[in-house]
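Chemist: sequence plus predicted model, see below.
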Amino acid sequence: MESALDWHSAFALLDWQVELGADEAIGDTPVDRFALAEQPVAKTPAPAPEQVVQRKEIDAVEVARQAATGATDLGALKQALGQFEHCELKRGARSLVFADGHPAARVLILGDAPDRDADGKGRPFVGPLGDLLDRMLAAIDLNRASKDAATAVYLTNVLPWRPPQNREPQPEEIAMLLPFVQRHIDLVNPEFIVLMGNMACGAALGEQGITRLRGTWVEAFGRPALPMFHPDHLLRNTVAKRDAWADLLSLKVRLEERGAG
């Protein structure tokens, strides 16, 4: 017997039942649900102990901390970073961007993450922003290429791998690699740290807002630190170069005071 309902009416009724919460079609043969409930339910066997261990989530921060702590020099630290497999940034980057400059320098400059130029060359602060930074440093008699530790600088980043399309790093990525940053700074043992940009301040100080933070000396990683605008910011906002010059002079005064003492 054909239904008296046309297609549109039948569809409207079905749609109405779905809105009421119907989620299962009932067959022509009745089913005794009470009888089904009395049937024994097959139990899933408990996983073997070794399976439980394999399923346990890896604490990447702890793995990084152990690897960083075990590095007794900069070469070993670079190797430990290269062997660290828990950061997805490594998969998409061309290079491990470790550091540049003199490892015994009085000043360590901490940036954020490698850009395309740094990723291509395997060194931090290169390309147009690196050229600007070199000119800034030269204005206060510092040089990354100097063989004299007194006039040299050491440069590194919070992240050693370039994020895809230069996107903002995720908090978990920064937290994962922070033990390597701490160990890096401990091994170099600089007198002063320059925190270049928001991300470096966030990693070192737990807060951002470089316009507010810049120019004021703070403590980071157990050492005097000066937040400054990143050279990339200065290339896009030339008016901020005046503030950067004031910060450079503040760094020069600190170096001279410590050197005189």
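Modeler: Nice, thanks for sending it over. Here the structure is a predicted model, which is why all the values come from computation and not from measurement.

Chemist: relative to residue 69, how far out is the residue nearest to residue 199 when sequence neighbours are not counted?
Modeler: Nearest non-adjacent residue to residue 199, counting by C-beta to C-beta, 6 or more residues apart in numbering: residue 112, 3.6 Å away. From N, CA and C alone the C-beta is placed, and that goes for glycine too. For residue 112, the distance to residue 69 (C-beta to C-beta, to the nearest Å) stands at 24 Å.

Chemist: who's more crowded, those two?
Modeler: residue 112 (25 against 13; other C-beta atoms under 10 Å).

Chemist: so which residues of the stretch 101-250 of the chain form helices?
Modeler: Assigned by DSSP state H, counting those that start in this stretch, the stretch 101-250 of the chain shows helices spanning 116-121, 127-138, 171-188, 198-205, 210-213, 231-236, 241-260.

Chemist: number of residues surrounding residue 79?
Modeler: Look at residue 79: counted by other C-beta under 10 Å, it has 15 neighbours.

Chemist: does it belong to a helix, a strand or coil?
Modeler: Of the three states, residue 79 takes helix under DSSP: H, G, I helix; E, B strand; the rest coil.

Chemist: ok, and the closest non-adjacent residue to it?
Modeler: residue 71 (7.6 Å).

Chemist: in this structure that neighbour contacts residue 80, no?
Modeler: Yes - using C-beta atoms under 8 Å, residue 71 is in contact with residue 80, at 4.9 Å.

Chemist: start to end distance for stretch 205-213?
Modeler: 10 Å (C-alpha to C-alpha, to the nearest Å).

Chemist: can you name the residues in contact with that stretch?
Modeler: Under the contact criterion C-beta atoms under 8 Å, 6 or more residues apart in numbering, stretch 205-213 has outside partners 195, 197-199, 201-202, 218, 220, 225, 227-230, 233.

Chemist: from the chain's centre, how far out does it sit?
Modeler: 16 Å (C-alpha atoms, centre = their mean, to the nearest Å).

Chemist: what are the buried residues along that stretch?
Modeler: 205, 208, 210, 213 (16 or more other C-beta atoms under 10 Å).

Chemist: pLDDT check: weakest of these?
Modeler: Within the buried residues of stretch 205-213, the minimum per-residue pLDDT falls on residue 208 (93).

Chemist: quickly note the distance from that one to residue 200.
Modeler: In terms of C-beta to C-beta, residue 208 sits 9 Å off from residue 200.

Chemist: and if you look at residue 96?
Modeler: Going from residue 96 to residue 200 by C-beta to C-beta gives 19 Å.
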